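Undergrad: Quick one, structure for this:
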Amino acid sequence: MKRRSFLRMSSLAGAAAAAGWPGGGVLSAQAGREYYELRVYEMPTGNRKGLLNDYLSKAAIPAWNRLGIGPVGAFTVVSGANALMLYVLIPYPDLAAFEATAEKLASDTEYQKAAAPYLAASIDNPAYTRYEGWLLHAFKNVPRLRVPAETAEKAPRTFELRVYESHSEAAALKKIEMFN
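TA: Next up is the predicted model:
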């Protein structure tokens, strides 16, 4: 995988958002550049992992696909300290699609039926122990997610998430320039 195709987050993501959203937070529609929701689930040990995996494979990903959202990637950690983490990358064509998704899922009866065990998880038996969400914007020169040809057969693959931190927003913008 080339350097340009890696995702960025942390303080770099904030700087990227600032660079793409002029006017101090006014969101702009930049043609062709996708938005990504990166969900990071910290999973409990034991058989509860199955509840989250079933939710994603049987309810959420099929529902997102019905909405024209995809390809959705779900990645487990193969080495390192975060073995109980599950990363889910959801590409949206624009912010309107991102904003409308929750409401559309709430009215999708097929999704509601398939997601019922996950949605009904109790506080003493949760599907995950922690969940974080990040909203990211694609780089100018890599505006859309590209699925490598090697994955057409769903062969095993590696997703590498790099986090860049900087001492200032100016330095973060310089790093974004490098990727662009």
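
Undergrad: Residue nearest the middle of this protein, spatially speaking?
TA: In the chain, the residue lying closest to the centroid (C-alpha atoms, centre = their mean) is Leu38, at 2.2 Å.

Undergrad: Phi and psi next, for it.
TA: phi -110, psi 110 (degrees, to the nearest 10).

Undergrad: do the same with the one 3 residues further on
TA: The main-chain torsion angles of Tyr41 are listed as degrees, to the nearest 10 and equal phi -100, psi 130.

Undergrad: neighbours around the closest residue to the residue nearest to the centre of the chain other than its chain neighbours, how many?
TA: Residue nearest to Leu38 in three dimensions, not counting chain neighbours: Trp134, with 4.3 Å by C-beta to C-beta, 6 or more residues apart in numbering. All C-beta spots, glycine's among them, are computed from the backbone N, C-alpha and C. Residues near Trp134, counting by other C-beta atoms under 10 Å, number 14.

Undergrad: So for the one helix or strand Lys175 maps to, what gets flagged as buried?
TA: Element membership for Lys175, per DSSP states H and E: helix 169-179. Residues of helix 169-179 classed as buried by neighbour count (16 or more other C-beta atoms under 10 Å): Ala172, Leu173, Lys175, Ile176, Phe179.

Undergrad: ditto for stretch 49-66
TA: 49, 51-56, 58-64.
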